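Peer 1: quick one: sequence and predicted model below, then my questions.
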Amino acid sequence: MRLAAYLKTRDIRLTAFAKKISRPVPTVHQWATNKRRPCLEDIVVIEKATNGAVRFRDWLRDDAA
């Protein structure tokens, strides 16, 4: 699942998610809008914070974010 879809389906604000994972809002916004991919460390943090809904392999697809 894409990060943007995860946030939307669970009605989570991007700012709240950024705070939850202790990352800057602009950075999380870039991940959610496909402008940038997170590093491996951040992918692990995202997967844990989403209880596996946004998985490592989801970031490997060309159109993932």
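Peer 2: Received it, and whenever you're ready, just let me know what you need.

Peer 1: for this protein, longest helix please?
Peer 2: Counting by DSSP state H, the longest helix found in the chain is helix 40-49.

Peer 1: excluding its backbone neighbours, what's nearest Ala30?
Peer 2: Quick fix: residue 30 reads Gln, not Ala. Arg36 (4.0 Å; Cβ to Cβ, 6 or more residues apart in numbering). For the C-beta atoms, the positions are set from N, CA and C on the backbone; glycine is no exception.

Peer 1: what's the neighbour count on the one you found?
Peer 2: 14 (other Cβ atoms under 10 Å).

Peer 1: same thing with Tyr6?
Peer 2: Tyr6: 19 neighbours (other Cβ under 10 Å).

Peer 1: can you tell me the element it falls in?
Peer 2: Here Tyr6 is covered by helix 3-9, with elements defined by DSSP states H and E.

Peer 1: which other residues reach that helix?
Peer 2: 12-14, 17, 28, 31-33, 46, 50, 53-54, 65 (Cβ atoms under 8 Å, 6 or more residues apart in numbering).

Peer 1: just the buried ones among those, please.
Peer 2: With neighbours counted using 16 or more other Cβ atoms under 10 Å, these contain these buried positions: 14, 17, 28, 31-32, 46, 50, 53-54, 65.

Peer 1: which of the residues you listed scores worst on pLDDT?
Peer 2: Minimum pLDDT for those is recorded at Ala65 (45).

Peer 1: quick one: the closest residue to Thr15 other than its chain neighbours and Gly52, what's the gap?
Peer 2: In space, and not counting its chain neighbours, Thr15 is closest to Val25: 5.4 Å by Cβ to Cβ, 6+ apart. Using Cβ to Cβ, to the nearest Å, we find Val25 at a distance of 23 Å from Gly52.
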